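S.K.: Could you look at this predicted model? Sequence included:
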Amino acid sequence: MSSAMRVRVKYVLQALLLCCAAALSTLCLYRSLRLPPADKKGSSSGSAWQERAPRSLSFGSRDYEVVSNGQLLAQYDTNELQQPLDPAEVTPALQVLTSISDVFISVKTTSNYHKSRLDVLLKTWFTLAREETWFFSDSHDPEYQERTNGHLINTNCSSSHNRKALCCKMSVEFDTFLRSDKKWFCHFDDDNYVNIPKLLSTLGKYSPQEDWYLGKPSIRTPLEILDREKKTQSGINRENIKFWFATGGAGFCISRALALKMSPAASGGRFISVCEKIRLPDDVTIGYIIEHLLKKKLTFTPEFHSHLEPMKFIQQRHLPEQITFSYSGQGKDQNVLKIEGLDPRIDPTRFMSLHCYLFPHYSFCPR
Ligand code: UDP
Ligand code: MN
């Protein structure tokens, strides 16, 4: 090899080495920015999560005959979530591209919560699904009607937190979805943050032409109730029915194919009659119709989170993989995500900080 050639090879090698070093340091810098050090593993195991009845079952609890509602799923660490339902229920790798326009996003709210709960949603995830998201409330509110681009529906249901009022809203949500041309019905509460890209990539694994009910129960075993339909010779019914239901406060999705099958029992206001018959809350009634009446299974989807779970145990680096989040309480009883970002006085729900973590380019995000 000539000396000129040797010099050239040396330069090329040096340049290559420099490129590698630059790529490596960029990668390190990126990781340190995006992935703050994970919480110490197992740090969650010390403090016990106060167990309480699933919220959807706890109001008016003497109103219905729950034989056994299992145990609350406790201690969440998204690394260690168990799949209580048969994983074989999940469709194998079938990636149907889902676009936001395929989804009907339904948010249950009430006049008292427009200001306190909708503001943060309108600033954050709603901006990613303006056309597809509808708010189901119980009053006419010109201010929020405008701020939601005309997407605040007055259901004319009563504005109280009783079974009848909540079932009435779910009934209108369901009927409005059926009248739409959307492939998926996804219900959320107004204290949910919806991670839109993750919602879409999850739905993309399932075909809306098949029957799918995606969500997460908040109890360990299926709900067991007395079957009011069954009459024995003695007149005393001792038969129980068992079914899973997805907690409404964590959000759930139903494919159009399944919604159409639910239609004879649930459309045109019939949903309210089923709620009344079994005397159970709206989310439980959805589970009853799908699992008990239609014999279809809930697909356990651990990425939905209600405030029945301690939000602080969802590690920051796992946030992008979750579909929903929630918050509750105040002061020392508050249950919110543990995330750096905006001042808690500006962002008490932590939803703005979460949004900034997922989408740092928003104008309100710290720079
Ligand atoms: N909600 C309602 N009417 C009421 C109270 C609550 O429609 O009178 C809605 C509320 O907007 C939310 C859901 O019901 O979407 C659950 O309410 P909340 O978070 O207050 O109670 P939780 O059941 O989660 O403890
Ligand atoms: Mn709530």
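M.R.: Yes, it's here. Ligands and ions are numbered 1, 2, ... in the order given.
S.K.: what comes up buried for stretch 358-367?
M.R.: Applying a neighbour-count criterion of 16 or more other Cβ atoms under 10 Å, one finds 358-359 buried in stretch 358-367. The way it works is simple: take the backbone N, C-alpha and C, and place the C-beta from them, glycine included.
S.K.: Let's see the helix or strand harbouring D283 as PDB, backbone CA atoms only.
M.R.: Per DSSP states H and E: D283 is located in helix 282-287. What follows is helix 282-287 as a C-alpha-only set of coordinates in PDB (Å, rounded to 0.1, in the frame of the first residue of the first chain):
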ATOM      1  CA  ASP A 282     -73.700   1.300  33.800                       C
ATOM      2  CA  ASP A 283     -70.200  -0.300  33.400                       C
ATOM      3  CA  VAL A 284     -71.300  -3.500  35.100                       C
ATOM      4  CA  THR A 285     -74.400  -3.600  32.800                       C
ATOM      5  CA  ILE A 286     -72.200  -3.400  29.800                       C
ATOM      6  CA  GLY A 287     -70.300  -6.400  31.100                       C
END
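S.K.: can you tell if that helix touches ligand 2?
M.R.: No. Helix 282-287 lies out of reach of ligand 2 by Cβ under 5 Å from the ion, never closer than 11.6 Å.
S.K.: how about the helices of the protein, start to end?
M.R.: 3-34, 55-58, 119-123, 142-147, 163-179, 196-203, 256-266, 270-278, 282-287, 351-358 (DSSP state H).
S.K.: rank the ones you listed by mean pLDDT and give me the bottom one.
M.R.: The minimum mean pLDDT among these belongs to helix 3-34 (a mean of 51).
S.K.: show me the contacts for L319.
M.R.: 195, 325, 337, 339, 354, 357-358 (Cβ atoms under 8 Å, 6 or more residues apart in numbering).
S.K.: neighbours around the closest residue to R163 other than its chain neighbours, how many?
M.R.: Distances taken as Cβ to Cβ, 6 or more residues apart in numbering place P281 nearest to R163, at 5.5 Å, with adjacent residues excluded. P281 has 25 neighbouring residues, counting by other Cβ atoms under 10 Å.
S.K.: what does Y206 give?
M.R.: Y206, neighbours per other Cβ under 10 Å, totals 22.
S.K.: now do N149
M.R.: So N149, with other Cβ under 10 Å, has 12 neighbours.
S.K.: pLDDT at the nearest residue to it once chain neighbours are set aside, what is it?
M.R.: Once flanking residues are discounted, N149 sits nearest to R130: 6.0 Å by Cβ to Cβ, 6+ apart. Note for R130: predicted pLDDT of 98.
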